[in-house]
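**Student:** Sequence and predicted structure are below.
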Amino acid sequence: MAEPDEIIFLLDVDNTLLDNDRLRSDLRCHLSQEFGPENEDRYNTILEELREELGYVDYLGALQRYRVQDMSDPRLLLMSAYLMDFPFSDLLYPNVKAAISHLSTWGKSVILSDGDVVFQPRKIQRSGLWNAVAGRVLVYVHKEDMLDVVEAQYPAQHYVMVDDKLRILSTMKSHWGDRLTTIFVRQGHYALDPENIANFPAADVTIDHTADLIDIDFLEVIHAPKSSDPP
């Protein structure tokens, strides 16, 4: 078994490294222009239904279900190409790659994302994130349920999770305790929703932008007194 790294950084993708809200907005505009507002609404209804069922946004699955409901429109065949060939690198938040490069001075970075087995890896590859983390990419249906698998693949003395969802950070903190430092990035609609923020404990560190990672002294953050430490 490999010796554990001192620090492993686990990086979420959607609305943490790239602007997934913009992808959804661009997709809605495209659907409205190509198929009309009514069909755009129908696709988004299916997309939300699938998100409730699966726990992640399944763009291709929603397209397949949309097609089953209307097999007569040949333009739908071009929609998959629109999604798969989307210029994902344009969605990267400013200085994301510089932030990932900065993290490499402290430890390895691993992408840990929720998503499907086709579109999410494609998004990570085409955005350049796959190469930015040297191919260390993990995509699961519910990543918070896979932490033992994550630890087996990337053993570490300490983990740092960067995510836009306090729910995920809270669940991971319950599993790893003080072996995990949580960093909440206030980007995207989940992170800015007051109800989501109020329902979960605060992260160890909150930043406004992923690029703010560059300014963090991780040794200081990791060794800072924790609320569970004795006085």
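**Tutor:** Nice, I can see it. None of these values were measured; they are calculated from a predicted model.

**Student:** check contacts around Glu40.
**Tutor:** Residues in contact with Glu40, defined by CB atoms under 8 Å, 6 or more residues apart in numbering, are 28, 31-32. Where C-beta positions appear, they are placed from N, C-alpha and C, glycine not excepted.

**Student:** Can you say which of the residues you listed are buried?
**Tutor:** Buried residues within the contacts of Glu40, defined by neighbour count using 16 or more other CB atoms under 10 Å: 28, 31.

**Student:** Please list all residues in contact with the closest residue to Asp58 other than its chain neighbours.
**Tutor:** Once flanking residues are discounted, Asp58 sits nearest to Leu50: 4.8 Å by CB to CB, 6 or more residues apart in numbering. Applying CB under 8 Å, 6+ apart, we find Leu50 in contact with 57-58, 61-62, 65.

**Student:** could you say which helix or strand contains Leu50?
**Tutor:** Per DSSP states H and E, Leu50 falls inside helix 37-54.

**Student:** the helices in the chain, which residues?
**Tutor:** 20-35, 37-54, 59-69, 76-84, 96-103, 119-126, 129-132, 147-153, 166-176, 188-191, 194-198, 218-222 (DSSP state H).

**Student:** Select, out of the ones you listed, the one closest to Asp204.
**Tutor:** helix 218-222 (7.0 Å; CB to CB).

**Student:** And the contacts of the least confident helix or strand in the chain by mean pLDDT?
**Tutor:** Scoring the helices and strands of the chain by mean pLDDT, DSSP states H and E places helix 76-84 at the bottom, with a mean of 84. If you take CB under 8 Å, 6+ apart as the criterion, helix 76-84 is touched by 27, 30-31, 34, 59-60, 63, 66-67, 70, 119, 122.

**Student:** Tell me the one of those nearest Ile214?
**Tutor:** Nearest to Ile214 among the contacts of helix 76-84, with distances taken as CB to CB, is Arg122, at 27.8 Å.

**Student:** From Leu63, how far out is the nearest residue to that closest one once chain neighbours are set aside?
**Tutor:** Nearest residue to Arg122, sequence neighbours excluded (CB to CB, 6+ apart): Met84, at 5.9 Å. Distance, Met84 to Leu63, using CB to CB, to the nearest Å: 11 Å.

**Student:** neighbour-wise, which of those two wins?
**Tutor:** Between Met84 and Leu63, counted using other CB atoms under 10 Å, the more crowded position is Leu63 (21 against 15).

**Student:** follow-up on the earlier one: any idea how far the residue nearest to Arg122 is from Gly55?
**Tutor:** For Met84 relative to Gly55 (CB to CB), the value is 22 Å.

**Student:** try Asp215
**Tutor:** Taking CB to CB, one finds Asp215 at 33 Å from Gly55.

**Student:** All good on my end, thank you.
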